[in-house]
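> got a predicted structure here, sequence first:
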Amino acid sequence: MKSVKSYSYLGEQAIEETIINNATTINNKKVKLYIEKAVKRVIDIIAGLVGTILLIPITIGIYIARKILKEDDGPIFYDQLRIGKNGKYFKLYKYRSMVIGADEILKEYLAENEEAKIEFEKNQKLRNDPRITKLGKFLRKTSLDEFPQFINILKGDMSLVGPRPIVDREVKLFGNKMKTVHSVRPGLTGYWAANGRSDTSYDERVDMEVYYAENFSLALDMKIIFKTIKSVIKKEGAI
């Protein structure tokens, strides 16, 4: 009987130790995640400050280029409502790369071009977009059109790295995965943006954005940033 009691006690002790170890591991992971998120925000603030300062000479250069190309109709900047963390809307800033009245031009173009309509419904983009100006094509190829989003990063609407923010019409394409994507701040760049961008299908994009939201780490962020720099230099996946 004593032997049985001894084994029973050892078994209970082992279970208790396992529970304690598991709880400690979970707590350690939570603390690590909390610290990494805090560091990520500090990095975002520094990047936001530097990027916002750099906006001054870049904006002057774009202003001069618009004058030379006679594409100076309308404002230099463009803002659009996007969906951010926890489904909260915010104004995303960009350099304007499209002509005035772009929405109406797109509507007419898609109505007259069935192939383009299918492409747009599938990818939410067009490779030969009639709305984009000559300067706009350069800004998009070099990703300079996204530069004003450093203001969004500084404000806390966005992060340097995260899923790219979407508009209302794209929500249905994410389906029940939207909640996962909205659990983190959207980013200036991200796992999808650094891995093909416009060279991937929309379904692939959704999977990539979900992967990032579920596997965030500072190490992953650093890999994405370096890969993004490489992609921008090579102009990979840009439209």
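Perfect, I can see it now. Everything numeric in this text was worked out from a predicted model, so none of it was measured.
> low-confidence ranges, the protein, go.
1-26, 235-239 (pLDDT under 70).
> where do the strands sit along it?
Secondary structure of the chain, counting by DSSP state E: strands at 77-83, 89-95, 159-161, 187-189.
> which of those sits closest to residue 61?
The closest of these to residue 61 is strand 89-95. By CB to CB, the value is 10.6 Å. Every residue, glycine included, has its C-beta placed from N, CA and C.
> and the angle from the closest one to strand 77-83?
Relative orientation of strand 89-95 versus strand 77-83 (axes from the mean of the first three to the mean of the last three CA atoms, to 10 degrees): 150 degrees.
> report the buried residues of strand 89-95.
For strand 89-95, burial by neighbour count (16 or more other CB atoms under 10 Å) applies to 90, 92-95.
> residue 29: which of those is nearest?
residue 90 (29.8 Å).
> my guess is that closest one contacts residue 79, does it?
No. Look at residue 90 against residue 79 with CB atoms under 8 Å: they stay out of range, at 9.6 Å.
> would you turn the strands of the chain into TSV with distance to residue 47?
Shown next, in TSV, are those (distance: least, CB to CB, whole Å):
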stretch	distance to residue 47
strand 77-83	19
strand 89-95	15
strand 159-161	5
strand 187-189	8
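> residue 144 is nearest to which of these?
strand 89-95 (6.6 Å).
> so in that sheet, which strands flank the closest one, and in what orientation?
Using DSSP bridges, the strands paired with strand 89-95 in its sheet are strand 77-83 (antiparallel).
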